[in-house]
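> next one to model:
(2 chains)
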2 protein chains.
Amino acid sequence: MAKENKQDFVQHITPRSENFSQWYTDVVTQAELMDYTPVRGCMAMKPYGNRIWELIHDRLDVMFKETGHENVSMPMLIPESLLLKEAEHVEGFAPEVAWVTQGGVEPLQERLAVRPTSETIFCTMFSKWVQSWRDLPMKYNQWCSVMRWEKTTRPFLRTAEFWWQEGHTVHATAEESEEETQLMLRVYQDFCEKDLSIPVYAGRKSEKEKFAGARATYSVEAMMQDGKALQAGTSHNFGTNFAVPFNIQYLSKEGKLEYCHETSWGVSTRLIGAIIMTHGDERGLKLPPAIAPYQVVCLPIAAHKPGVSEKCAEVTSLLKEAGIRVKLDDRDNVTPGWKFNEWELKGVPIRLELGPKDLEKGQCVLCRRDTFEKVFVPLDEHFPEAVRKMLDEIQESMFQIALDFRRKHTADVHTMDELKAQVDGGYARAMWCGDRACEDKIKEETGATSRNMPFDQTPMGDTCVCCGKKADKVMYFAKAY
Amino acid sequence: MAKENKQDFVQHITPRSENFSQWYTDVVTQAELMDYTPVRGCMAMKPYGNRIWELIHDRLDVMFKETGHENVSMPMLIPESLLLKEAEHVEGFAPEVAWVTQGGVEPLQERLAVRPTSETIFCTMFSKWVQSWRDLPMKYNQWCSVMRWEKTTRPFLRTAEFWWQEGHTVHATAEESEEETQLMLRVYQDFCEKDLSIPVYAGRKSEKEKFAGARATYSVEAMMQDGKALQAGTSHNFGTNFAVPFNIQYLSKEGKLEYCHETSWGVSTRLIGAIIMTHGDERGLKLPPAIAPYQVVCLPIAAHKPGVSEKCAEVTSLLKEAGIRVKLDDRDNVTPGWKFNEWELKGVPIRLELGPKDLEKGQCVLCRRDTFEKVFVPLDEHFPEAVRKMLDEIQESMFQIALDFRRKHTADVHTMDELKAQVDGGYARAMWCGDRACEDKIKEETGATSRNMPFDQTPMGDTCVCCGKKADKVMYFAKAY
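Here you go, the predicted model:
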């Protein structure tokens, strides 16, 4: 990167208003989150993108452990016969499975699926591991990648291979599995809203949109800056749908054999796509501090002047000791202006500038990525605390801005015309009769799909937005990623 | 688990002296580290085994980051054409590759390997990512699982799928890649000796035993309690072996196109096998505190007596706050004796017992898993510190015992007879001429393979232990896992 390319650097990003989709792709590649590979539909996560995923992992993993879950690691290959055991499940996943048919020089007698999801292998092991009521609940999770042979690919949003976590739990009763399903939905909502600063609608999916094999699927749905929905996480209650074909039974306290009730739940690297499209702007990525690889980047101004480099190194150490993720950018082959652009593009929440004048005054400049506000802050004993406070403010402010955006782009609708207009850049809340036919018709006429039914089902009327017949369901509709 | 089964529980473990291999399998399954699955050669890591791997991950990941490495995630599938680019590499790995030949309903035009290792996909991306000397070094790592279609399987030691980390780095010069190769070997040695309490021999592999495609392979070799060697980690210097076929070039400061020099290095879930076979005893697993899922297990004695349960909960919280991994076992359906056996089997370093008498005296009992030594410790403000100190002592003592064992089972040999006798339960250090023919003959006649050449090459003579011709290489020989 030569200095004279400075202008090019910023121009590489297509304006959001001009082409949102191209803006997204530009940010993903220019911020060095990922790269395309010669493997069809599979991406490589570069260090910066991978680090965001690690931070998502670290935080969620704590939340999972706090709610009583343990991690395991299951085989990545699943024999076809296991995949076939639950009818709806196989129907949902078979068309997009990558098959291993040869091991070494020998053709295999039975094909092995590269896991598209792991219900069938978890269930196989659960049927072995669960014996008595004392073994329950069994609450497991794994972090891994899965493979779905998709035709179209978009980085982080839809790729053949993606990274995720999948929780799989076994319970004694229907009540407990429903409780777990909703508990994990709330964990996802908390995480999205507090750590990613992304407001989400939590609710129940329609029969059409639920997971293949589930009795009930719940989701958290985010809104991107083009008004489209992005399903950020799902939590499924299987009831005994898998326990019966996989024969997962336990001996109850009363000495009776009973079928178990199961759940599964997951979020994936899609969340990185959600972060980009919720918060990003014309200058690129804007990262919520909780998952920013660097929360602060320290830029020496006129680094050759006496004391500047030393002070920057000192301030960097100070922040590091305070547990703040900070990067000292002391490159001497690019200008400070170049660095400004680069770190804005990469979405670092706070830029810390320190030059000879600041040195004299015992201060530095903090520049917020979200508002571009600049403040002079004294380098005294309260300095790390001041930085921490600013990070918290950014985290909260990013959430509020996203929430305001969502408020402006969500509306109640009562007719198909209203619905059609509303989903052109937003969420529509409508009464729905519950029929698949109306869902299909809405999709066909407006391009919107049912997202979920909020837990607050206070009716807005009593007729279906589509067919006009009696309706008692409140449903969010939106175009979706 | 009923109380009356108590005796059975312990008897499940075959004595080490009787059948070391069966003892190993018993420990692995009884301690609930893993389980067999219906997927040929693939195991499931259960929560306890998986947690050990997580702790190994957490510590090594810090060491990798401290030495300037960043994590990335690469595709799990590799097109056959990439695998074919480096001749020795494909020869080494092709026979044990699992092949994806079908995606969804369509047969693939080119087969995709489930990665047996990722040099070829890393190199493909490096050729895109490396442009100028300013991009170098590029020091990446990934945590993932890999697949090698092995005929025989043994949990943690040899399975079709296993979990590992693979570091891949690119450098400007041969000196730098050699330096990196040896740096990471030292990181592995430090980790094995300090965190796993496993002494290792660090040295260079023979031409025969080096990695397919490497110029030089270094390894750390541990000694199991049956005197056999277990390769605990490897670090490879590729020179330009991959850079040439993959065209990984950089523009030097002088404006010349130069080939890059590369390394790779890895450790895997094999380390869990090494921990078991280095430290385990007749009662089961013995875990070094640094990677023990629970460092302390707290057992209430006569829990129904007033104050006992409360005090145990209090002590558990106290230790947790001090950063010690502690488990309160308050089950009321098994006896304390049953719990003793179970937690000994699971290798928890310290058992903390607390009953009514201890309560009176303001103390508890700490029982060391490694020595079975019991001490009474006052429950005062120094208590967490006392526990921490005991954990450190256990960590160090386990290393010293393993080191003593290794000293007793390593000897210099000068004849084939001596070598044969020595490798029947130990390592032989011998002079070797460097010829492959001698290595092959030694393997054939004694069952031992060359392990590695220590960095200290002070000669023990000048004739080859096998052929009697001039020899200038000091080599460790041993039977190996």
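> in the stretch 51-200 of chain A, what spans have low per-residue confidence?
Within the stretch 51-200 of chain A, no range satisfies pLDDT under 70.
> strands along that one, start to end?
A:70-71, A:77-79, A:98-103, A:106-114, A:138-147, A:161-171, A:200-204 (DSSP state E, counting those that start in this stretch).
> residues from the stretch 101-250 of chain A in reach of chain B?
A:101-105, A:111-112, A:114, A:121, A:124-125, A:128-129, A:134, A:140, A:144-145, A:147, A:149, A:160-161, A:163 (C-beta under 8 Å from any C-beta of the partner chain). Placement of C-beta: from N, CA and C, glycine included.
> any idea of the mean pLDDT for stretch A:456-474?
The pLDDT scores in stretch A:456-474 average 97.
> cool, stretch A:439-446 as well?
The average pLDDT for stretch A:439-446 rounds to 98.
> quick check: buried residues in that stretch?
Neighbour counts over stretch A:439-446 (16 or more other C-beta atoms under 10 Å in any protein chain shown) mark A:439, A:442, A:446 as buried.
> for those residues, which one is nearest B:D281?
A:E439 (63.1 Å; C-beta to C-beta).
> just checking, what packs against the helix or strand where that closest one lies?
Per DSSP states H and E, A:E439 falls inside helix A:436-446. With contacts taken as 3 or more C-beta pairs under 8 Å, 6 or more residues apart in numbering or on different chains; DSSP states H and E, helix A:436-446 sits against helix A:416-422, strand A:449-450.
> name the residues that touch the longest one?
Read it as helix A:416-422. A:411, A:413, A:428, A:430, A:442, A:445-446, A:448, A:465-466, A:477 (C-beta atoms under 8 Å, 6 or more residues apart in numbering or on different chains).
> now A:E342: which helix or strand?
A:E342 belongs to helix A:336-345 when assigned by DSSP H and E.
> is that helix up against chain B anywhere?
No: Helix A:336-345 lies out of reach of chain B by C-beta under 8 Å from any C-beta, never closer than 13.5 Å.
> give the buried residues for that helix.
A:336, A:338-345.
> residues of the stretch 301-450 of chain A that sit close to chain B?
Looking at chain B, the residues of the stretch 301-450 of chain A close enough under C-beta under 8 Å from any C-beta are A:N333.
> next one, pLDDT for the residue of the stretch 301-450 of chain A found nearest chain B please.
Closest to chain B within the stretch 301-450 of chain A is A:N333: 7.1 Å, counting by C-beta to the nearest C-beta. pLDDT, A:N333: 91.
> cool, and the one 10 residues further on?
Confidence per residue is given as pLDDT, and for A:W343 that number is 97.
> need the contact list for it.
A:294, A:297, A:299, A:329, A:351.
> may I ask which two of these are separated the most?
Most distant of these, by C-beta to C-beta, are A:Y294 and A:L299, 11.7 Å apart.
> residues in contact with the helix or strand A:K311 falls within: which ones?
Using DSSP H and E, the element containing A:K311 is helix A:308-321. By C-beta under 8 Å, 6+ apart, the surrounding residues in contact with helix A:308-321 are A:296, A:298-303, A:326-328, A:330, A:352, A:354-356, A:359, A:364, A:379, A:383-384, A:387.
> again, but for stretch A:402-411
Looking at what lies outside stretch A:402-411 - C-beta under 8 Å, 6+ apart - the contacts are A:197-199, A:223, A:225, A:227, A:278-279, A:418, A:422, A:425-429, A:476.
> thank you kindly, that will do.
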